[in-house]
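Chemist: fold the stuff below for me.
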Amino acid sequence: MKKEKPKIIVILGPTASGKTELAIKLAKKFKGEIISADSRQVFKGMDIGTAKPKDTNNIPHHLLDLIKPNQQFNVALFKRRALRAIKEIKKRKKIPFLVGGSGLYIQAVVENINFSKIPAQKELREKLEKKTEKELFDMYKKLDPKGAKLIEKGNKRRLIRAIEVSKATGKPYWEQRKKGEALFDVLEIGIKIPKQELRKRIKERTEKMIEQGLEKEVKKIIKKYGWIPPLHTIGYQEWKEYFSNDITKERVKEMIILHTGQFAKRQMTWFKRDKKILWVRDYTKAEKLIRAFLKKERAN
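Modeler: Residues are numbered from 1 along each chain as shown. Down below sits the predicted model:
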């Protein structure tokens, strides 16, 4: 008799699609706990710009505020912490909900991907940090043409890591990501939202972030750490020219909205490759899918 694998539920979707609110509601319904699959919400002090959840409805959240912004973090570390959190949640007889928009982070857990253990190359990183995303992407494309088709072109940290591993090993980075045996029985639910509505949500959320004090948050981090790598990301990087008096605050808002929309498009391109994702438009459909999934018995 084949042993049944532990069940986990994934709630994913593009930024500003409402996945956090949906996940909290579903976790409340099914006695779950949430593990954040967001590559930026792990950083302390990066709250407004990462849309870190405030009203959690007393649902425990894991992998938020793990480290300081000037500390190193990557997908391999995320996977390790996520697996530990899942184990702890299961011990409490609760359902783990893996929630977020970082496709590679979700894939690492769902498909049990093992990553290269090559340590950070300090001198190389310092040189690469001075390059633009386009320069880094062009460099990586020469080292790993296949991987270049899959990587996020605008993710500077991921590009640097991919180049670093490729150069250190002499092998394409993407080929070094090995899938192990699946650890979990997974239900992947994606939020499907019309493009026009998503654009509206992105605009409204950006305006709200600025009202809540995003400018002050960015200034505080810069004062403490300088323009560190985690700030080369949407919601933070756009303020650099403003602080140099090169653009207006209105232009900052426009750029954040534009870049967020472009990021959401890239996220959907990534998610569409996964045919196991079941797309929903509302809570009712998601609830039905989860109810059926939790009742389902694996064939012997």
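
Chemist: all strands for the stretch 1-150 of the chain, in order.
Modeler: Listed in chain order, the strands found in the stretch 1-150 of the chain under DSSP state E, counting those that start in this stretch are 7-12, 32-36, 61-62, 95-100, 113-114.

Chemist: sheet partners, orientation included, of the second one?
Modeler: Looking back up the chat, that one is strand 32-36. If you go by DSSP bridges, strand 32-36 pairs up with strand 61-62 (parallel), strand 95-100 (parallel).

Chemist: out of those, which is the most enclosed?
Modeler: Each of these was assessed for mean neighbour count using mean count of other C-beta atoms under 10 Å. The highest is strand 95-100, with a mean of 26. In this view, the C-beta of every residue, glycine as well, is placed from N, C-alpha and C.

Chemist: show the average pLDDT along that one.
Modeler: Here the mean pLDDT over strand 95-100 is 98, rounded to a whole number.

Chemist: and the angle from it to strand 7-12?
Modeler: Orientation note: strand 95-100 sits at an angle of 20 degrees relative to strand 7-12 (axes from the mean of the first three to the mean of the last three C-alpha atoms, to 10 degrees).

Chemist: need the contact partners of strand 95-100.
Modeler: Residues outside strand 95-100 that contact it (C-beta atoms under 8 Å, 6 or more residues apart in numbering) are 7-12, 19-20, 23, 26-27, 30-38, 41, 82, 85-86, 89-90, 106, 109-110, 294.

Chemist: again, but for stretch 138-151
Modeler: Surrounding stretch 138-151, the residues in contact under the criterion C-beta under 8 Å, 6+ apart are 131, 137, 158-159, 162-163, 166-167, 172-175.

Chemist: output those residues as JSON lines; include the columns distance to residue 47, neighbour count and secondary structure.
Modeler: Conversion of those to JSON lines gives the following (distance: C-beta to C-beta, whole Å; neighbours: other C-beta atoms under 10 Å; DSSP: H, G, I helix; E, B strand; the rest coil):
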{"residue": "131", "distance to residue 47": "29", "neighbour count": "16", "secondary structure": "coil"}
{"residue": "137", "distance to residue 47": "29", "neighbour count": "20", "secondary structure": "helix"}
{"residue": "158", "distance to residue 47": "22", "neighbour count": "20", "secondary structure": "helix"}
{"residue": "159", "distance to residue 47": "26", "neighbour count": "25", "secondary structure": "helix"}
{"residue": "162", "distance to residue 47": "28", "neighbour count": "25", "secondary structure": "helix"}
{"residue": "163", "distance to residue 47": "30", "neighbour count": "23", "secondary structure": "helix"}
{"residue": "166", "distance to residue 47": "34", "neighbour count": "23", "secondary structure": "helix"}
{"residue": "167", "distance to residue 47": "35", "neighbour count": "16", "secondary structure": "helix"}
{"residue": "172", "distance to residue 47": "37", "neighbour count": "18", "secondary structure": "coil"}
{"residue": "173", "distance to residue 47": "31", "neighbour count": "27", "secondary structure": "helix"}
{"residue": "174", "distance to residue 47": "33", "neighbour count": "19", "secondary structure": "helix"}
{"residue": "175", "distance to residue 47": "37", "neighbour count": "12", "secondary structure": "helix"}
